[in-house]
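Undergrad: Structure here, sequence nowhere to be found:
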């Protein structure tokens, strides 16, 4: 059963370990930790995990990110496959300089999840 991350988050937050795949070479990186964030528009991936795949950055493309505190930064873009719940989500993902990423609504809006806060676990929910 997938768990909540109490190591990096207080209070604990739902997190998933996903696999990333280079769509051209098939190279993969497993166990990439992403927080499940229904408030995030997009998915942000740890740069260190993506660099292992050899996926090129999209030339001249950077997106401006704004944090809850109003801080702004720019993030490079890659195209790759994110494997989650036995499904592959090919898309444009932004890179961040954190050890864990954030799974946003660009992925979460395609799955049904049951978040069980009291037990600090989550599960895929069948329709």
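TA: Sure thing, it's come through. Predicted model only: the values in this text are computed from it and were never measured.
Undergrad: Buried residues in stretch 88-108, which are they?
TA: Applying a neighbour-count criterion of 16 or more other C-beta atoms under 10 Å, the buried positions in stretch 88-108 are 89, 93-96, 100-104, 106-108. C-beta here means a position set from N, CA and C on the backbone, and glycine is covered the same way.
Undergrad: Now tell me what touches that stretch from outside.
TA: Taking contacts as C-beta atoms under 8 Å, 6 or more residues apart in numbering, the residues outside stretch 88-108 that touch it are 5, 8, 15-16, 18, 21, 23, 32-38, 40-50, 57-58, 63, 65, 75-84, 110.
Undergrad: Model confidence at the closest residue to residue 46 other than its chain neighbours, what's the number?
TA: Leaving out its chain neighbours, the residue that sits closest to residue 46 by C-beta to C-beta, 6 or more residues apart in numbering is residue 101, at 5.0 Å. The pLDDT attached to residue 101 in the predicted structure is 97.
Undergrad: do you know how far the spatially most central residue of the chain is from residue 120?
TA: The centroid of the chain falls nearest to residue 103 when counting by C-alpha atoms, centre = their mean (3.5 Å). For residue 103, the distance to residue 120 (C-beta to C-beta, to the nearest Å) stands at 17 Å.
Undergrad: Each with direction, which strands does the helix or strand of the chain with the lowest mean pLDDT pair with?
TA: For the chain, the helix or strand with the lowest mean confidence is strand 62-66, at a mean of 89 (criterion: mean pLDDT, DSSP states H and E). According to DSSP bridges, the neighbouring strands of strand 62-66, each with its direction, are strand 72-84 (antiparallel).
Undergrad: hmm, who's touching the strand it pairs with?
TA: By C-beta under 8 Å, 6+ apart, the list of residues contacting strand 72-84 from outside reads 16, 18-23, 28, 43-45, 47, 50, 53, 55-58, 61-67, 88-96, 103, 107, 111.
Undergrad: Same check on stretch 113-121?
TA: Residues outside stretch 113-121 that contact it (C-beta under 8 Å, 6+ apart) are 1, 2, 3, 4, 6, 12, 14, 36, 122, 123, 124, 125.
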